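**Student:** got a structure for you, letters missing:
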């Protein structure tokens, strides 16, 4: 079974074990390693996710989904400056992504940059009034 199929079935431990049985290092298959990092993230193993993402950065540095995952991982680890750089790159590559903007707003809230976060979240909700996570973040801000 492919890693993406396991991931979509929330079989994150299976993703990890299958990846390690197929590849000796993340840079052998950056796309599959990105799935591995996402599985680590979903398991709450943020440092492991970070380690994988750092290894594959040169291969996926122009992939906004990768950048957002890396930014979110950095945020969880308290690496706020790096997270901001990664979110900025992701949003520049895909300026219409409400998910990326919502993730960035979480970072702003963590940094007590509430006015910036509120502006972004209100913009998200104006475009998608049913975006529940953005509404929750707005309440948190």
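**Tutor:** Okay, I see it. In this text the structure is predicted, and so the values were computed from the model without any measurement. Numbering: from 1, shown residues only.
**Student:** need the contact list for residue 137.
**Tutor:** The contact partners of residue 137, taken as Cβ atoms under 8 Å, 6 or more residues apart in numbering, are 102, 105-106, 109, 117, 121. The C-beta positions use only the backbone N, C-alpha and C, and glycine is treated the same way.
**Student:** And it, how close does it get to residue 75?
**Tutor:** 13 Å (Cβ to Cβ, to the nearest Å).
**Student:** any common contacting residues for the two?
**Tutor:** Taking Cβ under 8 Å, 6+ apart as the contact criterion, the residues that touch both residue 137 and residue 75 are residue 106.
**Student:** Which residues are in contact with the residue lying farthest from the centre of the chain?
**Tutor:** Among the residues of the chain, the one whose C-alpha is farthest from the average of all C-alpha positions is residue 21, by Cα atoms, centre = their mean at 24.7 Å. Under the criterion of Cβ under 8 Å, 6+ apart, residue 21 has no contact partners.
**Student:** In the contacts of residue 137, find the pair that's most separated.
**Tutor:** 102 and 109 (10.7 Å; Cβ to Cβ).
**Student:** Settle it for me: which of these two has more neighbours?
**Tutor:** Neighbours were counted for residue 102 and for residue 109 using other Cβ atoms under 10 Å; residue 102 has more, 22 against 18.
**Student:** Buried ones in the helix or strand containing the more buried one, by neighbour count?
**Tutor:** In this structure, residue 102 sits in helix 98-110 according to DSSP states H and E. When neighbours are counted by 16 or more other Cβ atoms under 10 Å, the buried residues of helix 98-110 are found to be 98-109.
**Student:** now stretch 33-45
**Tutor:** For stretch 33-45, the buried set under the neighbour-count rule, 16+ other Cβ under 10 Å, comprises 33-41, 45.
**Student:** again, but for stretch 9-22
**Tutor:** Neighbour counts over stretch 9-22 (16+ other Cβ under 10 Å) mark 11-12, 14-16, 18-19 as buried.
**Student:** Thank you kindly, that will do.
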